[in-house]
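Colleague: structure for the following, please:
(chains A and B)
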Amino acid sequence: MPVRAARAAPEFVPRVRHPLERWLRTDRLPHIWCSGCGLGTALSAFLYALDELGWDPDTVAVVSGIGCAGRVAGYLRLDTYHTTHGRAIPFATGLKLAKPDLHVIVFSGDGDLFAIGGNHFIHAARRNMDIAVICVNNFNYGMTGGQLGPTTPVGARTTTSPFGNFEHPFNLVHLAASAGATYVARCTTLDGRRLQKALVEALSHKGFTFVEILAPCPTNYGRRNRLGEGLDELRYYREHMVIKHGADPKEADIAPGKPFLVGKFVDIQKPTYLELYQAKAREIGGEG
Amino acid sequence: MSELQERVAKRWKVPKGHIYVLEEFCKGCGFCVEFCPKKVLAQASHFNDKGYHPPEVVDPEACVLCGFCERICPDFAIWVEEEGKSDAG
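Modeller: Below you'll find the predicted structure:
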């Protein structure tokens, strides 16, 4: 049976090309994300990074989980998979082991990757699985109504912490670095080309790489904490972020009203899971 | 007295851009207006179909094609193109 050619996506506007149009399922746009949300900016930075790398779209696979960030899989004209809650990394692991030539990228949110998917994250990092994980962190569960998540800062109000959060949150860059990630960076959606550069480095780096993107959530997190519109949250980032490459991830805590670190925290090389597996298989006389 | 060395001033061409705004996609977040380093854009007084105020170009000559509006836009609703790159005018 002949393979059916992919349906060409309609152009945004006849004759005028948006620079990212070839990566997007244009018939599904405009997307569902709220006005002022940072996810669209994170997605376009990711697409600019793919553009810069110049990879063949057929060699790229994007896996996403559940939540607002999980919607990314539906908007890309790539091989994508929208997995069940928290299981983006296990799916990506299987994909990478079955097809080692594929560039496998996990694009998901903080709740999906670090709450229900937390164990998968640390074990993929420990094994140094050759995948890139992009986590858009908006400090709460945005899609389900703004509940407390594992990254919600101390004192922040959410629907399930109306008097302020008293739990210690995760410091994601420290978690990733200590679990064994070979590249760890944090950016905000305000970073533009700096964010693109971090994504290019993370995608082209061998081994488990992690980029945390801080994004405004004006509808839930911003509204309950009186941070104003998405624009006000970006102004807050501009005033409070401190760019420091090579800083100790331990110092990268995020607390409301305090300066926070962004930049590249870890950039090391070590053998990946697949390399070690093949070496062991050769050692014991298998095919590898 | 030594002869004065002839000075050469290097001549640079500042790129000029065309700005495209797809008003139908815009959700009026105002990122492009706020973070344009040259203050080329402003929020328009009219509404789009969704009821948001899209950006409009108020100082087209000031644009230096940095492309930041394109990068910060969460809705793929604004982009820039170098002059002479397209026949769409």
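Colleague: can we go C-alpha only for contacts and neighbour counts from here?
Modeller: Will do.
Colleague: shaky segments in chain B?
Modeller: B:1-3, B:86-89 (pLDDT under 70).
Colleague: for it, which residue is closest to the average position?
Modeller: B:Cys63 (4.7 Å; C-alpha atoms, centre = their mean).
Colleague: can you pull the contacts of it?
Modeller: Neighbouring residues of B:Cys63 by C-alpha atoms under 8 Å, 6 or more residues apart in numbering or on different chains: B:16-17, B:38, B:40.
Colleague: in the stretch 51-200 of chain A, which spans are strands?
Modeller: With strands called from DSSP state E, counting those that start in this stretch, the stretch 51-200 of chain A shows them at A:60-64, A:79-82, A:103-109, A:132-137, A:140-141, A:147-148, A:183-188.
Colleague: and the last one, how far from the chain's centre?
Modeller: When you say that, I think you mean strand A:183-188. Put simply, strand A:183-188 sits 10 Å off its chain's centre (C-alpha atoms, centre = their mean, to the nearest Å).
Colleague: can you check the third one too?
Modeller: Offset of strand A:103-109 from its chain centre (C-alpha atoms, centre = their mean): 6 Å.
Colleague: can you list contacts of that strand?
Modeller: Contacts to strand A:103-109, defined as C-alpha under 8 Å, 6+ apart, come from residues A:59-70, A:72, A:88-89, A:92, A:95-96, A:130-138, A:203.
Colleague: out of those residues, which end up buried?
Modeller: When those are checked for burial by 16 or more other C-alpha atoms under 10 Å in any protein chain shown, the buried set is A:60-70, A:72, A:88-89, A:92, A:95-96, A:130-138, A:203.
Colleague: quick revisit: distance check, the residue nearest to the centre of chain B against chain A.
Modeller: Distance of B:Cys63 to chain A, computed by C-alpha to the nearest C-alpha, to the nearest Å: 17 Å.
Colleague: thought B:Phe76 was touching B:Phe25?
Modeller: Yes: applying C-alpha atoms under 8 Å, one finds B:Phe76 in contact with B:Phe25, separated by 7.2 Å.
Colleague: of those two, who's got more company?
Modeller: Applying other C-alpha atoms under 10 Å in any protein chain shown to B:Phe76 and B:Phe25 shows that B:Phe76 carries more neighbours, namely 26 against 21.
Colleague: starting at the chain centroid, how far to stretch A:113-129?
Modeller: Using C-alpha atoms, centre = their mean, the mean C-alpha position of stretch A:113-129 is found 13 Å from that of the whole chain.
Colleague: A:Gly40 looks like it's in a strand, true?
Modeller: No: assigned with DSSP: H, G, I helix; E, B strand; the rest coil, A:Gly40 falls outside any strand and is helix.
Colleague: so the nearest residue to it once chain neighbours are set aside, which state does it fall into?
Modeller: Of all residues not flanking A:Gly40 in the chain, B:Pro74 sits nearest, at 3.8 Å (C-alpha to C-alpha, 6 or more residues apart in numbering or on different chains). Here B:Pro74 is recorded as coil under three-state DSSP.
Colleague: skipping adjacent residues, who's closest to A:His240 in space?
Modeller: Closest residue in space to A:His240, ignoring its immediate chain neighbours: A:Pro259 at 4.4 Å, by C-alpha to C-alpha, 6+ apart.
Colleague: cool, and A:Glu52?
Modeller: Nearest in space to A:Glu52, with sequence neighbours left out and distances taken as C-alpha to C-alpha, 6+ apart, is A:Val200 at 7.5 Å.
Colleague: can you map out the strands along chain B?
Modeller: B:17-21, B:41-43, B:55-57, B:78-82 (DSSP state E).
Colleague: of all those, which lies closest to chain A?
Modeller: Checking the strands of chain B against chain A by C-alpha to the nearest C-alpha gives strand B:78-82 as the closest, at 6.7 Å.
Colleague: state the distance from A:Ala202 to chain B.
Modeller: For A:Ala202 relative to chain B (C-alpha to the nearest C-alpha), the value is 19 Å.
Colleague: and whatever helix or strand that residue lives in, what does it pack against?
Modeller: In this structure, A:Ala202 is located in helix A:193-204 according to DSSP states H and E. Helix A:193-204 is packed against helix A:39-53, strand A:183-188, strand A:209-214, with contacts defined by 3 or more C-alpha pairs under 8 Å, 6 or more residues apart in numbering or on different chains; DSSP states H and E.
Colleague: can you list the ones you listed in TSV and add mean pLDDT and mean neighbour count?
Modeller: Shown next, in TSV, are those (pLDDT from 0 to 100; neighbours: other C-alpha atoms under 10 Å in any protein chain shown):
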stretch	mean pLDDT	mean neighbour count
helix A:39-53	94	22
strand A:183-188	95	26
strand A:209-214	95	27
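Colleague: reformat the ones you listed as CSV; add distance to B:Asp59.
Modeller: Putting these into CSV (distance: least, C-alpha to C-alpha, whole Å) gives the following:
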stretch, distance to B:Asp59
helix A:39-53, 24
strand A:183-188, 28
strand A:209-214, 31
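Colleague: determine which of these approaches A:Pro169 most closely.
Modeller: Within the helices and strands packed on helix A:193-204, the stretch nearest A:Pro169 is strand A:209-214; the backing value is 14.6 Å (C-alpha to C-alpha).
Colleague: which elements pack onto the closest one?
Modeller: Contacts defined by 3+ C-alpha pairs under 8 Å, 6+ apart place strand A:209-214 against strand A:132-137, helix A:172-179, strand A:183-188, helix A:193-204.
Colleague: just want the residue of chain B that's nearest chain A.
Modeller: B:Pro74 (3.8 Å).
Colleague: was I right about that residue contacting A:Cys34?
Modeller: No: between B:Pro74 and A:Cys34 there is no contact under C-alpha under 8 Å: 9.5 Å.
Colleague: who's more crowded, the two?
Modeller: More neighbours surround B:Pro74 than the other of B:Pro74 and A:Cys34, with 30 against 18 (other C-alpha under 10 Å).
Colleague: quick one, what contacts that one?
Modeller: A:36-44.
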